[in-house]
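**Q** no sequence for this one, just the structure:
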């Protein structure tokens, strides 16, 4: 993305990418609060303020992130209210997540330690080393993890405490829960749950948003 502006603050329709991401959660009665984790240098920015929906009774708290993703999420977990028993962790650059998928991940926490949104692999996958193929993986058992990733609050906090004590890093939150033996379910995603990582993604998201708008 040829822009100095963080992807979550880029325009998508009449609002920022982050605005849309937050708005998806605000449509659900089960959501009691939103915690937005922001880079330090954008905490007091107009870009951030314009990304926060105002026509809602659900409290939205803004906190500073850390130097790495895990540190940022831990800051967010520490800010979760005592009333919350389940936590959804979502990328601010996935603005078109279907609310029904969010709710399904929440509902599954009654049976499992957590549930993540994930997409089936549609391509043949190769394990490669030194520029050559080592083996072909069975794509029928491979899923691509997305967000939101939803967990019982007690479980995800325990996973982060374990990671901190043991200096364990993972590329997603489910990986930390797996490390403590957690049982995490999968909710099949849709093509709408696009992650804005480049100009093409923004164009696709704009097209999808226009199809959704009455």
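**A** In hand now; what should we look at? Being a predicted model, the structure only gives us computed values, none of them experimental.

**Q** Residue 54 should be in a helix, yeah?
**A** No. Secondary structure of residue 54 (DSSP: H, G, I helix; E, B strand; the rest coil): coil, not part of a helix.

**Q** For it, give its distance to residue 120.
**A** 38 Å (CB to CB, to the nearest Å). In short, each C-beta sits where N, CA and C put it, glycine included.

**Q** So for these two, which residue has more residues nearby?
**A** residue 120 (13 against 7; other CB atoms under 10 Å).

**Q** For the closest residue to that one other than its chain neighbours, give me the pLDDT.
**A** Counting by CB to CB, 6 or more residues apart in numbering, residue 120 lies nearest to residue 143, which is 6.0 Å off, once chain neighbours are set aside. You'll see residue 143 listed with a pLDDT of 96.

**Q** do residue 86 as well
**A** Residue 86 is given a pLDDT of 98.

**Q** what do you get for residue 211?
**A** Predicted confidence (pLDDT) for residue 211: 88.

**Q** got a list of contacts for the one helix or strand it maps to?
**A** Secondary structure from DSSP states H and E places residue 211 in helix 199-212. Around helix 199-212, the neighbours that count as contacts under CB atoms under 8 Å, 6 or more residues apart in numbering are 1-2, 10, 12-13, 17, 20, 95-96, 192, 194-196.

**Q** Repeat that for stretch 38-53.
**A** 5-6, 8-9, 15-16, 18-19, 22-23, 26, 36, 60, 62-65.

**Q** in it, what's buried?
**A** Under the neighbour-count criterion of 16 or more other CB atoms under 10 Å, stretch 38-53 has 38, 42, 48, 51, 53 buried.

**Q** Could you dump those residues into JSON lines with distance to residue 148, secondary structure and pLDDT added?
**A** Below are the buried residues of stretch 38-53 laid out as JSON lines (distance: CB to CB, whole Å; DSSP: H, G, I helix; E, B strand; the rest coil; pLDDT from 0 to 100):
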{"residue": "38", "distance to residue 148": "18", "secondary structure": "strand", "pLDDT": "96"}
{"residue": "42", "distance to residue 148": "22", "secondary structure": "helix", "pLDDT": "96"}
{"residue": "48", "distance to residue 148": "20", "secondary structure": "helix", "pLDDT": "97"}
{"residue": "51", "distance to residue 148": "18", "secondary structure": "coil", "pLDDT": "97"}
{"residue": "53", "distance to residue 148": "17", "secondary structure": "coil", "pLDDT": "96"}
